[in-house]
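Chemist: 3D, please:
(2 chains)
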There are 2 protein chains.
Amino acid sequence: MPEPGLSPLQSTLPTAASHFGAHVLGRSRTAGAEAAPVAQPAVAGVLPGASGVLPGASGVLPGVAAPAVPTPAVAVPAGPAPAVPAPVVAVSAAAGTPGPGLERVLRGPSGLGTAGLSLVRAVEPPAAVAAEAPVEVLEIPGLYYHPVPEPDPVRVAEIGRRIKEWAVEEVELYPEEWEKQFDGFSVGRYMVACHPDAPTVDHLMIATRLMVAENAVDDYYCEDHGGSPIGLGGRLLLAHTALDPLHTTREYQPQWAESLRADAPRRAYRSAMEYFGRQATPSQADRFRHDMARLHLGYLAEGSWAQTDHTPEVWEYLVMRQFNNFRPCPTITDTVGGYELPADLHAQPAMQRVIALAGNACTIVNDLYSYTKELAAPGRHLNLPVVIADREDLSDQDGYLKAVEVHNDLMRDFEAEAAALAAACPVPGVQRFLRGVATWVDGNHYWHQTNTYRYSLPDFW
Amino acid sequence: MPEPGLSPLQSTLPTAASHFGAHVLGRSRTAGAEAAPVAQPAVAGVLPGASGVLPGASGVLPGVAAPAVPTPAVAVPAGPAPAVPAPVVAVSAAAGTPGPGLERVLRGPSGLGTAGLSLVRAVEPPAAVAAEAPVEVLEIPGLYYHPVPEPDPVRVAEIGRRIKEWAVEEVELYPEEWEKQFDGFSVGRYMVACHPDAPTVDHLMIATRLMVAENAVDDYYCEDHGGSPIGLGGRLLLAHTALDPLHTTREYQPQWAESLRADAPRRAYRSAMEYFGRQATPSQADRFRHDMARLHLGYLAEGSWAQTDHTPEVWEYLVMRQFNNFRPCPTITDTVGGYELPADLHAQPAMQRVIALAGNACTIVNDLYSYTKELAAPGRHLNLPVVIADREDLSDQDGYLKAVEVHNDLMRDFEAEAAALAAACPVPGVQRFLRGVATWVDGNHYWHQTNTYRYSLPDFW
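Modeler: All right, here's what the predicted structure looks like:
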């Protein structure tokens, strides 16, 4: 399950700016097997971002070793996007490299006065914080990813303060003895890295509450804190109604409403959804509910396999993981950014494919970084390396290395399809949404890579 | 589970025309406790429909005994609706009676030349068929419902022929020995009654295939034909990908694609979704996928309770039944009708509430008519009368009668909210969609009421 969990983030990776434009143009990196853990001063502020950090040598996959050229991002002003008729976009999986016209669109405006259009908001971090360079990151040789700018420490601190207040005072999320663990989760750092274009801290809090609530449901119902596949269908559905409410008769409606206060997962879902609903359009809320229904279906498939001790085929595992997936997080990027990807554009098959590929790349990253953690946990925990090794009769090491390849293929397909879609649908809301999703993918990797408290790597290289 | 199942429909109820306008204006019926089973000549053809059949005396609830005044329905021409900015519609649960202006809107145009705008298509049925009046219907005293025109027998026959061809030749849905049972299901009659405004038989086939596929998944995976709650999460998720496809790497994608041919439920889902997708807009397809995810979550909650032998509270049961629900059927009314309710209007909270209430009314109708059938089946089958009797310490009879009240409250709330929404949002696509949902509710009741092969009533009156 997507389980960024509740543990400290003790170090960070300062990196170059991550721009959708740069990704789709191939100005991105493959961490080489020889790439050492990197310590770099953080370069923060507006785009253009810092220069590249990781030499782009290839590992498992042929690297794309072009230097990281900072590319200003295009951003539309916050606010509802104008109604745009939905074009019929047909994009093949083999979508190619964008041409010069697209490159210009993705780079966005340049020159005097265009800094305000940057995806990353214009806040200068305190110099002292910028100097505190993290010294330890995890490096998976050959993993294809994009470094991100160090998240704004002012925002990180403010989110940390506010989310704790929400968790403790508003939704009574955890018993007192878990407080340190909650602090250590550093969800603020995660969300600030994933949503650099959020216009305000209030916008960031929308994503942060939902992330915490999603983890609480997973922990309490499915995994670490009393979870079980037995009866999971009932528990998850009752919690789902905190997002997608019951509409029944006056006699029974109040009993349902009261149930939303009955446990921490439901309190968290209900409250986080209420805040989200104040900012989101009805179509954005509907999109989110759908993605959460997918997530819960994924949990239930995984739970059913755990109950029957079934090891799925690799493709079956990939199906489950497309649903038990980070998808609900990147797909709120527009709400958090203060604009809207129109519903008819969101529903286009090409956009759905891009979103699915992005979510899958995010999720397999989680499998790779949590591999040793899950091996050490009680019981058998399915993840992609384990399933590949089992089903394809490979060593643990080869299973892991093949899982890295699967991740990289998903990333490259995501980027190719996103570029093709951006070219086919040059609408500002679409461009910005695609960049937002790409940024979320990178921020998610950043959070995993720098979470050395929680994660470690196997000795496979 | 919504289980119209595979059994013959042996009789029909000829009834008055059912119009959304009539509903919301209170020109509707409560079948009285004293109402005898009715045999009436069918009155078919275009609106205005036939006059009322059932005396409107009250049973459990105070009846709305006004005579059934036929009301021409408004219909927009088939084709995509124009893009309409989403108004913010706030409608309270206590929405009142529409005023004279709304009444005019709901009645639609009248006078020479307006017959073509009727919701019911202008096809004269063969006189011989109209004369073959069914003689037996089930009457639940006090049940609030609306009679519908006899479904066009020409269309019913054509759908029956085509759906069998599809089931046998295209998706190999069932073994030979089930053929008679499949014929007896009379899904054509069901769908023609629910979608009188479908412009062509091809449009009707979209709904028919999906209905058959949904029943196949329920039967094979959950209920009668080898279903079980054990491992259900995995099975349903793999089937769900026939609607919401996997996006993975080139190595694994073909194995998943091949899996969609592996069993009858997946073959049926895949094929039915493919046909649906040719007619639906991307937003309509997204809406359908979401509703199907809800349905599968409902199945899984019910399955988890069966596995743990848990009898839910009444409100918990109503939650499960809002998901394990007919909702995916009425919500495709616009696709089947050849138009589109714009996505931003579909997502409005008031519209979501109307849809949920309509789906819930449809679904509790199923509980009421299938009560004796489920009691007779092996194992304990939850339905609303059983849960109310158990949880509220009532006799079986009183549990059943209270379930009728719950249904009636849901119906009245649906109608009141639909009227308020129609008043607040006088857009043709909205008006037609609301009428289409109301028509589906009535057609669904008709199918249950006339399915005396499958259903019977308890001796509670």
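Chemist: Please enumerate the helices of the stretch 351-461 of chain A.
Modeler: A:371-376, A:384-391, A:396-424, A:428-449 (DSSP state H, counting those that start in this stretch).
Chemist: now these in JSON lines, with mean pLDDT?
Modeler: Converted to JSON lines, the helices of the stretch 351-461 of chain A look like this (pLDDT from 0 to 100):
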{"stretch": "helix A:371-376", "mean pLDDT": "90"}
{"stretch": "helix A:384-391", "mean pLDDT": "98"}
{"stretch": "helix A:396-424", "mean pLDDT": "98"}
{"stretch": "helix A:428-449", "mean pLDDT": "97"}
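Chemist: wait, which of these is closest to chain B?
Modeler: Closest approach to chain B among those is made by helix A:396-424 (4.3 Å; C-beta to the nearest C-beta). Every C-beta, even on glycine, is put in place using the N, C-alpha and C of the backbone.
Chemist: And the closest one, what's buried?
Modeler: A:396, A:399-424 (16 or more other C-beta atoms under 10 Å in any protein chain shown).
Chemist: Please name every helix or strand in contact with that helix.
Modeler: Counting contacts by 3 or more C-beta pairs under 8 Å, 6 or more residues apart in numbering or on different chains; DSSP states H and E, helix A:396-424 packs against helix A:20-24, helix A:100-107, strand A:144-145, helix A:349-369, helix A:384-391, helix A:428-449.
Chemist: show me what contacts the residue nearest to residue A:407 when sequence neighbours are not counted?
Modeler: Spatially, and ignoring its direct neighbours in sequence, residue A:407 is nearest to residue A:364 (4.2 Å; C-beta to C-beta, 6 or more residues apart in numbering or on different chains). Contact analysis of residue A:364 by C-beta atoms under 8 Å, 6 or more residues apart in numbering or on different chains lists A:321, A:384, A:403, A:406, A:407, A:410.
Chemist: Same question for residue A:296.
Modeler: Taking C-beta under 8 Å, 6+ apart, we find residue A:296 in contact with A:236, A:237, A:240, B:297.
Chemist: Now residue A:151: which helix or strand?
Modeler: Following DSSP states H and E, there is no helix or strand that holds residue A:151.
Chemist: From residue B:348, how far off is it?
Modeler: Residue A:151 sits 36 Å away from residue B:348, going by C-beta to C-beta, to the nearest Å.
Chemist: can you count the residues close to whatever residue of the stretch 351-461 of chain A ends up closest to chain B?
Modeler: At 3.9 Å from chain B, residue A:356 is the closest residue in the stretch 351-461 of chain A, using C-beta to the nearest C-beta. By other C-beta atoms under 10 Å in any protein chain shown, the residues close to residue A:356 number 24.
Chemist: That one contacts residue A:322, correct?
Modeler: Yes: if you go by C-beta atoms under 8 Å, residue A:356 and residue A:322 touch, sitting 6.1 Å apart.
Chemist: Test my guess that residue A:261 contacts residue A:268.
Modeler: No: judged on C-beta under 8 Å, residue A:261 makes no contact with residue A:268 at a distance of 10.9 Å.
Chemist: need the helices and strands packed on helix A:396-424 in JSON lines with distance to residue B:272, can you?
Modeler: Formatted as JSON lines, these follow (distance: least, C-beta to C-beta, whole Å):
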{"stretch": "helix A:20-24", "distance to residue B:272": "36"}
{"stretch": "helix A:100-107", "distance to residue B:272": "37"}
{"stretch": "strand A:144-145", "distance to residue B:272": "38"}
{"stretch": "helix A:349-369", "distance to residue B:272": "18"}
{"stretch": "helix A:384-391", "distance to residue B:272": "30"}
{"stretch": "helix A:428-449", "distance to residue B:272": "30"}
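Chemist: Select, out of these, the one closest to residue B:436.
Modeler: helix A:349-369 (25.3 Å; C-beta to C-beta).
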